[in-house]
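K.L.:
with the sequence up front, the predicted model follows.
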Amino acid sequence: MFGFSGNLLAGQHDCGEERQPPARPTPVIFPSFTPPEPSTSKAPATWTEPPSRILEYFVSLKKPSDVNEEALRLLNITFAPRCEFESLLASSPADARQYLPPKSWLEVPGNETDEPSGSSASETSIRLLSNGRRLPDRNEFYTRAKELFVKNQDAFVTFSRKGPPGHVPLRLAHFRKFWESLDNLAYYWDTSLDEYLPPRPENAIKKQEQAQNPSSESNGTSTEAKPADEPPESQPPAISPSEEPRKKAKTEEATDSTVTIPINSRSFKTLPASISSSKALPARSAPPKVPWATNTPSRANKPADLSTGSYKGYRTGTGSEMPDQYRLDCVRSFLEPIAWAFGVTFVPHRRPPVLCLSHIRFPVRMNSVGWRGPQDRMKARQGWMEGPVLGIQCRPDTNFGASGNLEAESRLDGVRELGGMLLLAQERAREGRAEVRAGEGKWWTTTPRWGGGPGGEVGEATGASDEVSQGSTPAATPTPTTTPPLPGKSEIRIPGRPRVGSKDRRRPSPAEIWKMLRAGNPLWDPKVVYEAIGKERESQWDEIFLVSSLNHHISVLKLRVHRDYIRYLTEGTLPEQPPSDPNWCSPSLTRTKWFDLFNVEDRTEAMRGIWGVLAYLMRSQKSANDTPMSDA
């Protein structure tokens with residue numbers, strides 16, 4: 001009902017105040033490795049051998065560090081160099097580049113009529129998406145894009161409400177959650193205002209005095225002796241003459257009151273009940289290590305140790321210390337305003353995401369997936385989804401190469417990206433098919449059996465123990481007495497409704513569960529209509545898009561994969577007849593550069609590219625005989 005999260009701390013930190021310096025920032029390093037040369041003319045020799053080398057290799061993995069170059073060689077992936085969005089969509093069918101908004105859309109639209117992406121000026125028909133919605137035009141694009149041109153400092157001041165005199169708060173509608181999440185990232189990553197100040201002489205002298213007088217309090221209170229018969233709580237606190245007498249009385253009354261802790265609690269002390277003024281703004285503190293720990297005691301009253309120097313800036317920690325949820329919230333809130341314009345919603349998998357390699361289920365990382373909502377409102381309310389459209393994968397790895405082996409760490413990161421994209425490819429390949437569960441139709445899931453050994457079947461033991469029990473005299477068991485119902489409390493049963501009782505709620509015993517014959521647990525989501533959205537109907541190739549995130553950057557990846565390649569990974573069988581395209585055995589992986597979400601140019605360019613990718617995937621693939629709405 002209420003969205004309590006780490007976003008409540010956004011914008012509550014004064015970056016111009018000196019405080020204890022954090023550790024040095026985490027360096028921004030991205031993975032870089034040299035992929036092996038793939039086999040494009042024919043299937044690799046490791047595929048044609050009787051034992052499946054791919055299955056044998058992935059089964060032998062015990063820990064992530066076991067992934068080596070052999071994994072990329074077995075998957076036989078062709079890696080393309082990094083490119084811009086125009087080149088990313090150039091190899092896609094249906095002239096995908098026409099769906100990419102021109103860079104002029106990032107400017108304020110004029111009075112002239114702007115044509116939507118992928119249409120000509122002479123075309124008067126209404127362009128529709130595959131879900132029946134209208135294709136978003138330039139005005140809808142610019143309404144969202146203009147919120148990304150805001151400077152980071154101006155957006156953060158809007159949340160803290162502590163701007164300079166005359167500052168007009170910004171109106172952030174579509175990307176408000178993104179700016180809140182980006183402010184949380186600034187605690188750990190934004191080094192634009194980093195200023196490490198040397199220690200001051202007075203701070204060093206103060207620390208030396210505290211070391212010589214350890215009994216003195218750090219808050220500067222008096223250490224004079226008090227009467228023995230007077231408790232320290234009875235003396236009133238020091239009050240400035242400027243305060244009103246009525247406020248003095250309330251402060252003293254609130255300070256003297258105590259709260260008694262029950263004896264069965266973990267503490268046996270009495271804690272003073274403090275009352276804070278509602279007019280005082282909370283001092284911005286570092287976000288908690290977990291988003292839900294928002295009620296931890298504040299360290300604002302504790303004096304900062306500035307003897308070793310001080311710091312001014314955004315950061316309160318390093319990038320490696322940031323909770324993973326902050327990165328996912330920032331990336332998802334950046335993509336959601338773009339996806340909602342096309343009727344796409346980001347929801348994580350409701351079943352564990354696993355990559356099927358023959359009979360092996362290999363877990364992969366997939367934080368969230370974009371799904372298309374059904375046009376039937378009743379099915380939409382029931383939680384049905386269609387797709388997947390594209391995926392989101394955020395990884396917490398930082399400082400690549402710190403262990404001294406950049407190649408191995410980068411290779412592992414690349415395999416993680418490939419695992420997520422191959423999972424999306426398998427799900428999109430389920431279109432028009434029904435799930436075949438493990439063991440479905442086999443004799444061991446349909447025929448009851450018992451080996452005939454001594455002791456009888458599980459749950460129905462017969463043997464020596466039964467003979468002993470029959471020869472012995474049974475002990476007298478008391479007959480349970482039935483308690484008559486109280487007057488006026490007779491059982492009332494509603495016709496047509498099952499009786500709620502202990503017998504109805506009885507769970508089957510482990511022996512009964514063991515005797516049940518059924519196939520394995522399903523892997524497919526029963527409320528997902530799997531469909532390769534955006535794929536050409538006549539083509540054997542599918543295009544998988546993934547938004548990958550590291551540090552505070554995102555990159556868009558595209559994997560062009562053949563249907564027979566996915567079938568080989570899933571079922572472990574090669575096609576009987578070699579496909580006409582000899583490159584079917586080597587999927588092609590293309591990616592863009594890393595876009596910095598703190599940079600205005602990078603995040604606006606990323607929005608422009610993702611807008612074009614979604615417009616291409618959500619296009620309506622109607623035949624040439626369809627009648628435009630204007631001519632109907």
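P.N.:
Received, thanks.
K.L.:
quick one: residues contacting the nearest residue to residue 92 once chain neighbours are set aside.
P.N.:
What sits nearest to residue 92 in space, not counting adjacent residues and going by C-beta to C-beta, 6 or more residues apart in numbering, is residue 543, at 6.0 Å. Bear in mind the C-beta positions are built from the backbone N, C-alpha and C, glycine included. For residue 543, the set of contacting residues under the criterion of C-beta atoms under 8 Å, 6 or more residues apart in numbering consists of 92, 534-535, 558-561.
K.L.:
for the helix or strand harbouring residue 543, what is the average pLDDT?
P.N.:
Taking DSSP states H and E as the definition, one finds residue 543 inside strand 541-550. Mean pLDDT, taken over the full extent of strand 541-550, equals 98.
K.L.:
what comes up buried for that strand?
P.N.:
Residues 541-550 are the ones in strand 541-550 that count as buried (16 or more other C-beta atoms under 10 Å).
K.L.:
note down every partner strand of that strand and its orientation.
P.N.:
In the sheet containing strand 541-550, the strands it pairs with under DSSP bridges are strand 385-394 (parallel), strand 553-562 (antiparallel).
K.L.:
about what we covered before: residue 364: which of the contacts of residue 543 is nearest?
P.N.:
Among the contacts of residue 543, residue 559 lies closest to residue 364 (C-beta to C-beta), at 13.5 Å.
K.L.:
what's opposite the closest one in the beta bridge?
P.N.:
With DSSP bridges as the criterion, residue 559 is bridged to residue 544, residue 589.
K.L.:
measure it to residue 415 for me?
P.N.:
Look at residue 559 and residue 415: by C-beta to C-beta, to the nearest Å, they are 13 Å apart.
K.L.:
and those two? which has more neighbours close in?
P.N.:
When residue 559 is set against residue 415 and neighbours are counted by other C-beta atoms under 10 Å, the residue ahead is residue 559, at 22 against 18.
K.L.:
separation between the residue nearest to residue 92 and residue 177?
P.N.:
Counting by C-beta to C-beta - residue 543 and residue 177 are separated by 29 Å.
K.L.:
what of residue 606?
P.N.:
From residue 606 to residue 177 the distance is 17 Å (C-beta to C-beta).
K.L.:
what's the answer for residue 419, then?
P.N.:
Taking C-beta to C-beta as the criterion, residue 419 is separated from residue 177 by 28 Å.
K.L.:
and if you look at residue 567?
P.N.:
Here the criterion is C-beta to C-beta. By it, residue 567 lies 40 Å from residue 177.
K.L.:
can you check residue 402 too?
P.N.:
Plainly put, residue 402 is 32 Å away from residue 177 if you go by C-beta to C-beta.
K.L.:
with neighbour numbers in mind, choose between the two.
P.N.:
In this comparison of residue 402 against residue 177, neighbours counted by other C-beta under 10 Å, the higher total goes to residue 177 at 19 against 13.
K.L.:
read off the pLDDT value for the residue nearest to the more buried one when sequence neighbours are not counted.
P.N.:
Counting by C-beta to C-beta, 6+ apart, residue 177 lies nearest to residue 333, which is 3.9 Å off, once chain neighbours are set aside. The model reports residue 333 with a pLDDT of 98.
K.L.:
OK, contacts around residue 333?
P.N.:
The neighbourhood of residue 333, defined by C-beta under 8 Å, 6+ apart, consists of 175, 177-178, 180-181.
K.L.:
got TSV for those, with distance to residue 366 and secondary structure too?
P.N.:
What follows is the contacts of residue 333, written out as TSV (distance: C-beta to C-beta, whole Å; DSSP: H, G, I helix; E, B strand; the rest coil):
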residue	distance to residue 366	secondary structure
175	24	coil
177	21	helix
178	21	helix
180	24	helix
181	20	helix
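K.L.:
can I get those in JSON lines with distance to residue 29 and pLDDT?
P.N.:
As requested, the contacts of residue 333 are exported to JSON lines (distance: C-beta to C-beta, whole Å; pLDDT from 0 to 100):
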{"residue": "175", "distance to residue 29": "28", "pLDDT": "96"}
{"residue": "177", "distance to residue 29": "28", "pLDDT": "96"}
{"residue": "178", "distance to residue 29": "25", "pLDDT": "97"}
{"residue": "180", "distance to residue 29": "27", "pLDDT": "94"}
{"residue": "181", "distance to residue 29": "23", "pLDDT": "96"}
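K.L.:
closest to residue 149 among the residues you listed?
P.N.:
When these are compared for distance to residue 149 (C-beta to C-beta), residue 175 comes out closest, at 10.6 Å.
K.L.:
state the distance from the residue lying closest to residue 547 once chain neighbours are set aside to residue 421.
P.N.:
Counting by C-beta to C-beta, 6+ apart, the nearest residue to residue 547 once its immediate chain neighbours are dropped is residue 392, at 5.1 Å. Counting by C-beta to C-beta, the gap between residue 392 and residue 421 amounts to 12 Å.
K.L.:
and what of residue 156?
P.N.:
Between residue 156 and residue 421 the distance is 35 Å, computed by C-beta to C-beta.
K.L.:
which of the two has more neighbours?
P.N.:
Legend: neighbour count by other C-beta under 10 Å for residue 156 and residue 421, higher for residue 421 (27 against 24).
K.L.:
got the contact list for that one?
P.N.:
For residue 421, the set of contacting residues under the criterion of C-beta under 8 Å, 6+ apart consists of 391, 544, 546, 557, 559, 589.
K.L.:
quick check: the farthest pair among those?
P.N.:
Among those, the pair separated by the greatest distance (C-beta to C-beta) is 391 and 589, at 14.2 Å.
K.L.:
wait, isn't residue 418 in contact with residue 589?
P.N.:
Yes: taking contact to mean C-beta atoms under 8 Å, the distance of 7.3 Å between residue 418 and residue 589 places them in contact.
K.L.:
residues shared between the contacts of these two?
P.N.:
The contact sets of residue 418 and residue 589 overlap at 77, 559 (C-beta under 8 Å, 6+ apart).
K.L.:
for residue 537, see how far away the residue nearest to residue 547 is.
P.N.:
Between residue 392 and residue 537 the distance, using C-beta to C-beta, works out to 27 Å.
K.L.:
residue 574 now?
P.N.:
Distance, residue 574 to residue 537, using C-beta to C-beta: 25 Å.
K.L.:
in terms of neighbours, single out the busier of those two.
P.N.:
Counted by other C-beta under 10 Å, residue 574 and residue 537 do not tie: residue 574 has more neighbours, with 13 against 7.
K.L.:
chain neighbours aside, what residue packs nearest to the more buried one?
P.N.:
Ranked by C-beta to C-beta, 6+ apart and with sequence neighbours excluded, the top spatial neighbour of residue 574 is residue 568, at 5.9 Å.
K.L.:
residue contacts, that neighbour?
P.N.:
For residue 568, the contacting residues are 47, 574-575, taking C-beta under 8 Å, 6+ apart as the criterion.
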